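Student: Quick check, what structure comes out for this input:
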Amino acid sequence: MSGATRSARGRRIDEAPAVGRTRAAVRPARRYFTLHGAAMVAIAAAALTVIGMLYLIQTSHVASLGYQLSRLQNQRDQLAIDNARLGYQVAQFESLDTIYQVATQKLGMVPLTRHQFMQVQVPANDQLPANAPQTAPPESGLRRVWRELAGIGRGQAPAQGPPALAGGSTH
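Tutor: Residues are numbered from 1 along each chain as shown. You can find the predicted model right below:
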């Protein structure tokens, strides 16, 4: 290294600057942050540690979700079994034999022995009292405007019963 010296920071300083150049042009660019081998290894180890921790956290979360899913599936299966058992009990209680036994033994009912039929005369339609037509209470103007803005319709019953079918027959 003839003709050059090193500064305290380890930069090379020329003894004689080049002709026509200013001192700023000759100065090499500053390195604000330099890493040595040990620092690089420490940073890489820290990054790998963080990545490993994130992987372990994710894996443990997935495992706990798997256990939760298994528990919920077991619960669903148990509820399906309970539902089937309840369906069987309902079918058993709906049988006529069971109804008869419960009615006679638990409720103290007795079978019907004497039958009596009654005839009831149904009055003709012209003898029935006419129903007064029902009318809705009058609606305020603000309420009508709100219905129109909101697109809410209002249904009314037809005056003459149901409309005729397209084919012309009623059955």
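Student: name the helices or strands packed onto the longest helix along the chain?
Tutor: Scanning the chain for the longest helix, with DSSP state H as the assignment, gives helix 37-94. In terms of contacts (3 or more Cβ pairs under 8 Å, 6 or more residues apart in numbering; DSSP states H and E), helix 37-94 is packed against no helix or strand at all. Glycine gets a C-beta too; all of them are placed from N, C-alpha and C.
Student: Show me what secondary structure element comes after that helix.
Tutor: The C-terminal neighbour of helix 37-94 among helices and strands, as given by DSSP states H and E, is helix 96-101.
Student: What score does residue 48 have for pLDDT?
Tutor: Residue 48 carries a pLDDT value of 97.
Student: Begin at 890 from now on, thanks
Tutor: In the new numbering, first residue 890, that becomes residue 937.
Student: what's the spacing between it and residue 931?
Tutor: 11 Å (Cβ to Cβ, to the nearest Å).
Student: circling back to that earlier point, where's the longest helix of the chain relative to the chain centroid, distance-wise?
Tutor: 19 Å (Cα atoms, centre = their mean, to the nearest Å).
Student: repeat for stretch 983-998
Tutor: 46 Å.
Student: Show residues contacting it.
Tutor: 981, 982, 999, 1000 (Cβ atoms under 8 Å, 6 or more residues apart in numbering).
Student: In JSON lines: those residues, plus pLDDT.
Tutor: JSON lines is the format used below for the contacts of stretch 983-998 (pLDDT from 0 to 100):
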{"residue": "981", "pLDDT": "90"}
{"residue": "982", "pLDDT": "88"}
{"residue": "999", "pLDDT": "89"}
{"residue": "1000", "pLDDT": "86"}
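Student: which regions of the chain sit below the pLDDT cut-off?
Tutor: Scanning the chain with the threshold set as pLDDT under 70 gives 890-922, 1043-1060.
Student: quick one on the thing from earlier: which of the contacts of stretch 983-998 count as buried?
Tutor: For the contacts of stretch 983-998, a neighbour count by 16 or more other Cβ atoms under 10 Å gives an empty buried set.
Student: Nearest to residue 972 among those residues?
Tutor: The closest of the contacts of stretch 983-998 to residue 972 turns out to be residue 981 (Cβ to Cβ; 14.9 Å).
Student: Give the full set of residues in contact with the closest one.
Tutor: Contacts for residue 981 (Cβ under 8 Å, 6+ apart) come out as residue 987.
Student: Appreciated, that's everything.
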